[in-house]
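In: sequence unavailable; structure follows:
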Ligand code: PMM
């Protein structure tokens, strides 16, 4: 059965004067809600890895995520840490995280692979071609899915060389990372190439711009592309990805995706 990773972002709320503990409490409550909705893993992040986002100091990142990881782990929930930083990955695993989710696949921080190898955690490696500012300049492909698979194969080899067994790996083609609109659809259409690599496959389409582009074209731009419309689109792509054989999908709205996956399963009997 396809797993559902629920996204727990621990980034400061500028409208809150409650400070760090309130933010952490809110993140824990949100995580428990996603767990009740059917999340199999909670993916906790303290630095937005979204295209265009500002970098955050690792010490600040850790101040944000570690209390949340400790509490969610104490509540018995499997946690992954979404980070580009080796020191945060190591500290998160000490706090209870079982998976390190690095959208750069180990490229952003030269210490990452060794940190993950030593930690014993599983390692989710994304397809990535550089930090946000350069990302779209690097979106040049001839055959997108094949090239993404080829680069992920290199990341798998590097992880293996660092002592991380293939059974500990999860690969993610990095939807929206160094890929412009239609290139994301090329990747999804070519998922077999990613699946053929061997490790478990994770896909994150949630609320991403390539979905909003399609929704906007569908109603000729008559209505704003709300979060609700993006979540519905995400449930559809997640069900199709599940049908294609992915191991897990990473989403904001766990309940909608849980329902979509249940309907897709019913279809297949
Ligand atoms: N996308 C974002 C962040 N982390 N991790 C994985 N494994 N795959 C993704 O596609 C991915 C990710 C984008 O940021 P968001 O948290 O705002 O969705």
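Out: Right, received. Where do you want to start? This structure is a prediction, so every number in the text was calculated from the model and none was measured.
In: distance of residue 86 relative to the ligand?
Out: Distance, residue 86 to the ligand, using Cβ to the nearest ligand atom, to the nearest Å: 17 Å. Yep, even glycine has a C-beta here, placed from its N, CA and C like the rest.
In: so what's that residue up against?
Out: Contact analysis of residue 86 by Cβ atoms under 8 Å, 6 or more residues apart in numbering lists 109, 111, 112, 114, 115, 116.
In: put the buried members of those residues into a ChimeraX selection.
Out: The ChimeraX selection below is limited to those of these classed as buried (16 or more other Cβ atoms under 10 Å):
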select :109,112,114,115,116
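In: of all the contacts of residue 86, which comes closest to residue 89?
Out: residue 115 (5.2 Å; Cβ to Cβ).
In: can you tell me the SS state at the closest one?
Out: Using DSSP: H, G, I helix; E, B strand; the rest coil, the structure places residue 115 in helix.
In: what's the burial count for residue 208?
Out: Residues near residue 208, counting by other Cβ atoms under 10 Å, number 20.
In: er, residue 79 actually
Out: That count, for residue 79 with other Cβ under 10 Å as the rule, works out to 25.
In: ok, what's across the strand from the residue in the stretch 51-200 of the chain positioned nearest to the ligand?
Out: Among all residues of the stretch 51-200 of the chain, residue 172 sits closest to the ligand, at 4.2 Å; criterion: Cβ to the nearest ligand atom. Judged by DSSP bridges, the bridge partners of residue 172 are residue 126.
In: got the contact list for it?
Out: Going by Cβ under 8 Å, 6+ apart, the list of residues near residue 172 reads 103, 124, 125, 126, 127, 201, 202, 203, 204, 250.
In: which members of the residues you listed additionally contact the ligand?
Out: 103, 124, 126, 202, 204, 250 (Cβ under 6 Å from any ligand atom).
In: for the chain, longest strand please?
Out: For the chain, the strand reaching the highest residue count under DSSP state E is reported as strand 3-9.
In: which of the three states applies to the residue in the stretch 1-150 of the chain that the ligand sits nearest to?
Out: Among the residues of the stretch 1-150 of the chain, residue 50 lies closest to the ligand, at 4.0 Å counting by Cβ to the nearest ligand atom. For residue 50, the secondary structure call by three-state DSSP comes out as coil.
In: what's around it, how many residues?
Out: 15.
In: ok, now residue 54?
Out: 7.
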